[in-house]
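Undergrad: Here is the input, now give the coordinates:
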Amino acid sequence: MVVKTGIGFMMLFAVVCPTAIFAAPYPLEEIYQKRGDLQQAFDPDSHLAVSGTAAGFLLDLEDWATQYGWMEHEELASYGPEEGDGVPVRVNSEEIESEIGSEAYVVMDRSTGKILTVKNENKVWPIASLTKLMTANVVLDHEVPMSAIADVRNADNVGGARLYVEDGDTFSVEDLFYATLVASANNAANALSRTAGLTPAQFIAEMNQNAVNLGLTKTQYVDPTGIELGNVSTAREMARIVRTVFARDEIRPFISTVSKYINVISQGTTKKMTNTNWMLWKPEYDDLYVTGGKTGYLIESGWNVAVTLKPMGGDDDKELLIIVFGAESRGDSFIDANKLADWAWETFEWQKQN
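TA: Numbers count the residues shown, from 1 in each chain. A predicted model of the protein is given here:
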């Protein structure tokens, strides 16, 4: 599928993750007031994209400015790519959709935010353990010390992947991050959420407020683990979440580690965590440099993956952010992500901005 072009414009770039409810800064507001097409596509009060209009995959007015507006209006140049950025420019018309079996996907150039291809990008979908990225984000916002000690309780067991420990076993917060994001242990995610010092309702409220602050209207959280079907998003909105969370320096070790031994402090033992993201360690992906990732699975959602990657030994400008929803198997989710990456690198050239 050719990228759906919001408002009928040609190319798109995004360099920031904007807040949804905002008074558009001058001169963006001035341009909005002069253009009927923008007024139809974006709500006059919130400036969020209006469903069913020419907004396409755009999320809000600032998204339009950073992806299109800077090319049409000199006064919006600050929304465009920085000098020296490598910007992907399409050089052939080869399509990829027929080769991808997953339900939905988004392929984004990570540095500029340019969307390279999409499928069912606005379809609401159960995100499963991709939920844990926002859980981690909220805990990081509360600046919980990595050396702090926290316990895992029997009540934290909600099904799915888990740490096999005794009621009350203790871990450092850092090791709970590894268990949550590397091994995707649901009881570790629940234990980690408690370290923020919030009630369960307050924690979920902060997760949802973060989504609102990112301008996301279809993303909803109901628990910290992803085990509940009420944790939903779209591939397009998840791309904004992943780009935001993965940009945090503190998160990087937990989304790129192949395996990690964590300490069960109360028992004086260790447990090995192996990353659920096969693209980090299976030999068939040795030609890729995976910089981060998170997986998620429920029967109802199929296999989901969010991953950032670039060619091994290749140009840093070519780093991609890929979201895949609803693959038929764990292996298929990674195969589809790999196919999408290869297609992007073959179909686009990254041209430096002067």
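
Undergrad: how many neighbours does Ser329 have?
TA: By the criterion of other Cβ atoms under 10 Å, Ser329 has 12 neighbours. Where you see a C-beta, it was placed from the backbone N, CA and C, and this is true even at glycine.

Undergrad: any idea what sits nearest it, other than its immediate chain neighbours?
TA: Trp303 (6.2 Å; Cβ to Cβ, 6 or more residues apart in numbering).

Undergrad: What are the buried residues along the helix or strand of the chain with the lowest mean pLDDT?
TA: Within the chain, confidence by mean pLDDT, DSSP states H and E is lowest for helix 70-72 among all helices and strands, at a mean of 85. Residues of helix 70-72 classed as buried: 70-71 (neighbour count, 16 or more other Cβ atoms under 10 Å).

Undergrad: list the helices and strands that helix packs on?
TA: Judged by 3 or more Cβ pairs under 8 Å, 6 or more residues apart in numbering; DSSP states H and E, helix 70-72 has no packing partners among the helices and strands.

Undergrad: For whatever helix or strand comes next after that helix, buried residues please.
TA: Next in sequence after helix 70-72, counting helices and strands by DSSP states H and E, comes strand 86-90. Residues of strand 86-90 classed as buried: 86-88, 90 (neighbour count, 16+ other Cβ under 10 Å).

Undergrad: hmm, back to that, the residue nearest to Ser329 sits in which helix or strand?
TA: strand 302-311.

Undergrad: dump the residue contacts of the residue most central in space within the chain.
TA: The chain has Val242 as the residue nearest its centroid, 2.1 Å off, counting by Cα atoms, centre = their mean. Applying Cβ atoms under 8 Å, 6 or more residues apart in numbering to Val242 gives the contacts 133, 294, 306, 308, 321, 323.

Undergrad: Could you check how far it is from Asp286?
TA: In this structure, Val242 and Asp286 are 23 Å apart, going by Cβ to Cβ, to the nearest Å.

Undergrad: Please report how far Met312 lies from Asp287.
TA: Taking Cβ to Cβ as the measure, Met312 falls 5 Å from Asp287.

Undergrad: which residues make contact with stretch 125-133 from outside it?
TA: 103-104, 160-161, 180-181, 184, 186, 189, 221, 223-227, 229, 231-235, 238, 241-242, 245, 276, 294-298, 300-301, 304, 306, 325-326.

Undergrad: related to what we said a few turns ago, surely the residue nearest to Ser329 touches Tyr297?
TA: Yes: here Trp303 reaches Tyr297: they are 5.2 Å apart, a contact under Cβ atoms under 8 Å.

Undergrad: shared neighbours, these two?
TA: Arg330.

Undergrad: And the helices in the stretch 151-300 of the chain?
TA: Taking DSSP state H, counting those that start in this stretch, the helices of the stretch 151-300 of the chain run over residues 173-181, 186-194, 200-213, 235-246, 252-256.

Undergrad: Identify whichever of these lies nearest to Trp345.
TA: Taking Cβ to Cβ, helix 235-246 is the member of those nearest to Trp345, at 18.1 Å.

Undergrad: average pLDDT across the closest one?
TA: Averaged across helix 235-246, pLDDT comes to 97.

Undergrad: what do you get for stretch 147-154?
TA: 98.

Undergrad: Identify the residues contacting that stretch?
TA: By Cβ under 8 Å, 6+ apart, stretch 147-154 touches 163, 165, 167-174, 176, 187-188, 191-192, 194-195, 265-266.

Undergrad: Separate out the buried members of the residues you listed.
TA: The buried subset of those (16+ other Cβ under 10 Å) comprises 163, 165, 169-174, 176, 187-188, 191-192, 194-195.

Undergrad: picking up where we left off before, quick one, the strand holding Trp303 and helix 235-246 angle?
TA: For strand 302-311 against helix 235-246, the angle by axes from the mean of the first three to the mean of the last three Cα atoms, to 10 degrees is 60 degrees.

Undergrad: Tell me the helices and strands packed up against strand 302-311.
TA: helix 235-246, strand 288-298, strand 320-327, helix 330-347.

Undergrad: so of these, which one's packed in deepest?
TA: strand 320-327 (a mean of 27; mean count of other Cβ atoms under 10 Å).

Undergrad: mind showing which ranges of the chain have poor pLDDT?
TA: Within the chain, the stretches with pLDDT under 70 are 1-24, 354.

Undergrad: Kindly provide the distance from Leu321 to Glu72.
TA: Look at Leu321 and Glu72: by Cβ to Cβ, they are 25 Å apart.

Undergrad: In three-state terms, label the residue nearest to Val91 when sequence neighbours are not counted for me.
TA: Excluding the flanking residues, the one nearest Val91 by Cβ to Cβ, 6+ apart is Glu349, at 5.0 Å. The assignment at Glu349 comes out as strand when based on DSSP: H, G, I helix; E, B strand; the rest coil.

Undergrad: Report the contact partners of Glu349.
TA: 88-89, 91.

Undergrad: buried set for stretch 127-143?
TA: 127-140.

Undergrad: where do the strands sit along the stretch 1-150 of the chain?
TA: Secondary structure of the stretch 1-150 of the chain (DSSP state E, counting those that start in this stretch): strands located at 86-90, 104-109, 115-119, 125-126, 149-152.
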